[in-house]
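1. Got a predicted structure plus its sequence, pasted below:
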Amino acid sequence: MSPATQTLIAANEASEHRPLIITLFALFVLATLGITIWAGRQTKDAADFYAGGRQFSAFQNGLAVSGDYMSAASFLGIAGAIAIFGYDGFLYSIGFLVAWLVALLLVAEPLRNSGRYTMGDVLAYRMRQRPVRTAAGTSTIVVSIFYLLAQMAGAGVLVSLLLGITSDAGKILIVALVGLLMIVYVSIGGMKGTTWVQMVKAVLLIGGTLLITFLVLLKFNFNISDLLGTAAENSGKGAAFLEPGLQYGATGTSKLDFISLGIALVLGTAGLPHILIRFYTVPNAKAARKSVNWAIGIIGAFYLMTIALGFGAAALISQDEIIASNPSGNTAAPLLALHLGGVDSAWGAILLATISAVAFATILAVVAGLTLASSSSFAHDIYANVIRRGKASGAEEVRAARWATVFIGIVSIGLGALARDLNVAGLVALAFAVAASANLPTILYSLFWKRFTTQGALWSIYGGLIVAVGLVLFSPVVSGDPKAMFPDVDFAWFPLKNPGIISIPFGFLMGWLGTVLSKEEPDVKKYAELEVRSLTGTGAH
Amino acid sequence: MATDAPPPSKEQHKLPSPEEFSEVQESAEFGELRRSYRSFAFPLTVAFIAWYLLYVLLSNYAGGFMGTKLFGNINIAFVLGVAQFITTFLIAWWYSKHAAAKLDPKAEAIKSRMEGGA
């Protein structure tokens, strides 16, 4: 049987059981809409809308953080990257996890203690408000849009697998549906509703992954060495499949790309706005720390299971079939579910339907989290503090946030058509690179460097942002590669797919340079306030 | 400077004056809190990033070493990858232990004095 017919069978299998897939998905949507409406009724003021009333427990928030973090990139992207490139794909899992230590040790608690609703609260704390908030809002929205792009690509991929639709119209319809649901979730439910949606999704995702992992291990009698051996053999690449280098080892340039990716992964998490604002949903810094610990446990367990997902797919499905279904392997996890149940059996179709519904839920929830982060930042940083100069009432801010949600929803629907064949994990890694270049330097300097000035903050945010986005624009991700967003043109002169190795040091350098070349004196009184507050929680909201 | 700062939240905490903040920042007690936070978190951050980068570099430039099979099909690369997970869990646990024992009591003492007493 040729790989193409295999894939067709996957789609046919799916279409035979399409009512089941649609039912499962509709159940998730109905349940989460119910939660959203309930949460919407309880959302009375700005603290409710932005921070869910700050009353979530550390465990609840840890679960929600995990839900926000384990995106389509983790579930579809990493499984696909491992299924195709073997060991090299595993770097994502490791980097995505280790990154949490930066958040735990340096960022989560000080941020919780000194900010209110957004990342911009901390960045602008001791700076001139309007320029720094404008910068923080801009970078929040840019990072979130990169991340959204990846989620929408994942949604498109799922649709073509499940419904056998490859036409752009069909994909755009689904992407529009995702966008519409997300607008409803965020504008009605605010942070409270979104947090509950993340929790439900995290439980579903962990449950689905546990099930697949169990079934894979069962096939190999819980012998991981056997699993890896079969994966290596079935991949046609032998022992090399289990060693580093298949994806990145070919040339000096690709090795640099690997380092660049590695740095972006480990430094990106602590600069992701949609993750950072989660720490405002708990009562205090201690609870923020505990929620990171829960998240590290849950996320770590999940990423360990990506070994079973990725190598399991490589062991049980032919490479041709994986690649024919999606050139970057994004459908490996759902295909694995189908094969575990049996390609021609109802059980296989049920598993495929379940896992696909979980993947949809994952995408939907993460998209909601991202939209909340950008619309909060727009309303709180840009509208309330820049446009209205701090004179907007809480109700006005929330109204602005709701409108921003609608606007961002429409933008992301528009973007959804762009990224089709790119690996979803690779796309998310770009968001990580931008976050690590534009946000992390400013966060760290703000919290820990007494002399840091407004000019330093602006240079570092805009410098990191412009260089990171600029390098991506001229990289093989955008043009000059068969898998690029615009495969037919070639204006790529930057050879690396991930800009981190240049843009992250550049962001740090600009923050330092902007500060030492600054004519204004640092605001030492405000820094005293920020430092004491960030370490002790004095006056925290 | 402070005029365009966000308005106070509905949960009324009494925010101490700028002078009080400066005073506390220069106090020996706060200095000690800062030292026991920074002297723990900063070197540890450098260490785990170095350990992670070592792993990335080994993957890139020591392919032969990483491919050495230890038992069955489990090679050094796989073991080192899983070791990154384990060290992450351990560091998270260690930091939390340190924070609960050394940082929280100091931070709470300062906070309650500043919010209540002044």
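-> Arrived safely, thanks for sending. Keep in mind the model is a prediction, meaning the values are calculated, not measured.

2. and residue B:70, what are its phi and psi?
-> Phi and psi for residue B:70, reported as degrees, to the nearest 10, are phi -100, psi -50.

3. what's around it, how many residues?
-> Neighbour count for residue B:70, taken as other C-beta atoms under 10 Å in any protein chain shown: 11. C-beta here means a position set from N, CA and C on the backbone, and glycine is covered the same way.

4. Now do the contacts for it.
-> Residues in contact with residue B:70 (C-beta atoms under 8 Å, 6 or more residues apart in numbering or on different chains) are B:76, B:79.

5. By residue count, tell me the biggest helix in chain B.
-> The helix that spans the most residues within chain B, counting by DSSP state H, is helix B:28-61.

6. so what secondary structure elements neighbour it?
-> Identification of packing neighbours for helix B:28-61 by 3 or more C-beta pairs under 8 Å, 6 or more residues apart in numbering or on different chains; DSSP states H and E yields helix A:87-102, helix A:252-268, helix A:524-536, helix B:63-66, helix B:76-98, helix B:104-112.

7. Packing partners of the second one?
-> This points to helix A:252-268. Checking 3+ C-beta pairs under 8 Å, 6+ apart, helix A:252-268 ends up next to helix A:87-102, helix A:424-438, helix A:500-516, helix B:28-61.

8. cool, the last one as well?
-> Counting contacts by 3+ C-beta pairs under 8 Å, 6+ apart, helix B:104-112 packs against helix A:524-536, helix B:28-61.

9. Ok, the first one next?
-> Contacting helix A:87-102 under the criterion 3+ C-beta pairs under 8 Å, 6+ apart are the following elements: helix A:79-85, helix A:252-268, helix A:285-316, helix A:424-438, helix B:28-61, helix B:76-98.

10. circling back to that earlier point, may I see the helices and strands packed on helix B:104-112 arranged in CSV, with mean pLDDT as well?
-> Converted to CSV, the helices and strands packed on helix B:104-112 look like this (pLDDT from 0 to 100):
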stretch, mean pLDDT
helix A:524-536, 95
helix B:28-61, 97
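
11. Can you give me the pLDDT of the residue sitting furthest away from the middle of chain B?
-> If you look at how far each residue of chain B sits from its centre, by C-alpha atoms, centre = their mean, the farthest one is residue B:72, at 37.9 Å. The per-residue pLDDT reported for residue B:72 equals 92.

12. Over to residue A:122?
-> Note for residue A:122: predicted pLDDT of 93.

13. List the contacts of it.
-> So residue A:122 contacts A:110-111, A:114-115, A:443, A:446-447 (C-beta under 8 Å, 6+ apart).

14. ok, the closest residue to it other than its chain neighbours - contacts?
-> Nearest residue to residue A:122 in three dimensions, chain neighbours excluded: residue A:115, at 4.4 Å (C-beta to C-beta, 6 or more residues apart in numbering or on different chains). With contact taken as C-beta under 8 Å, 6+ apart, residue A:115 is in contact with A:121-122, A:125, A:280.

15. Residue A:121 and residue A:376, how far apart?
-> Going from residue A:121 to residue A:376 by C-beta to C-beta, to the nearest Å gives 10 Å.

16. So residue A:398: helix, strand or coil?
-> Here residue A:398 is recorded as helix under DSSP: H, G, I helix; E, B strand; the rest coil.

17. in which helix or strand would I find whatever residue of chain A ends up closest to chain B?
-> Of all residues in chain A, residue A:225 sits closest to chain B, with a separation of 3.0 Å (C-beta to the nearest C-beta). Following DSSP states H and E, one finds residue A:225 within helix A:224-235.

18. Show me what that helix is packed against.
-> Helix A:224-235 sits against helix A:168-219, helix A:285-316, strand B:74-75, with contacts defined as 3+ C-beta pairs under 8 Å, 6+ apart.

19. Tell me which of the helices and strands packed on helix B:104-112 lies nearest to residue A:233.
-> Between residue A:233 and the helices and strands packed on helix B:104-112, the tightest spacing by C-beta to C-beta is seen for helix B:28-61, at 22.0 Å.

20. Tell me which residue is most central in chain B.
-> residue B:41 (4.3 Å).

21. picking that back up, which of residue A:121 and residue A:376 has more neighbours?
-> Neighbour totals were compared for residue A:121 and residue A:376, and residue A:376 leads with 33 against 24 (other C-beta under 10 Å).

22. shouldn't the more buried one be in contact with residue A:52?
-> No. Using C-beta atoms under 8 Å, residue A:376 is not in contact with residue A:52; the gap is 11.4 Å.

23. Any chance you could list residues touching both of those two?
-> With contacts defined as C-beta under 8 Å, 6+ apart, the residues shared by residue A:376 and residue A:52 are residue A:191.

24. Specify the angle between the longest helix of chain B and helix B:104-112 in degrees.
-> If you take axes from the mean of the first three to the mean of the last three C-alpha atoms, to 10 degrees, helix B:28-61 sits at 130 degrees to helix B:104-112.

25. thinking again about what came up before, tell me the most buried of the helices and strands packed on helix A:252-268?
-> helix A:424-438 (a mean of 30; mean count of other C-beta atoms under 10 Å in any protein chain shown).

26. Is there proximity between that helix and chain B?
-> No. Helix A:424-438 is not in contact with chain B by C-beta under 8 Å from any C-beta of the partner chain; minimum separation 12.0 Å.

27. Residue A:496 is in contact with residue A:264, correct?
-> No. Look at residue A:264 against residue A:496 with C-beta under 8 Å: they stay out of range, at 10.4 Å.

28. where's residue A:367 relative to residue A:193, distance?
-> 14 Å.

29. The spatially closest residue to residue A:476 that is not a sequence neighbour is in what secondary structure piece?
-> In this structure, residue A:476 finds its nearest non-sequential neighbour in residue A:492, 5.1 Å apart by C-beta to C-beta, 6+ apart. According to DSSP H and E, residue A:492 maps onto no helix or strand at all.

30. Next, residue A:492: phi, psi?
-> Main-chain dihedrals, residue A:492, degrees, to the nearest 10: phi -90, psi 120.

31. swap in the one 4 residues further on?
-> Taking degrees, to the nearest 10, you get phi -90, psi 150 for the backbone angles of residue A:496.

32. Please apply the same query to residue A:244.
-> Note on residue A:244: its backbone torsions stand at phi -60, psi 150 [degrees, to the nearest 10].
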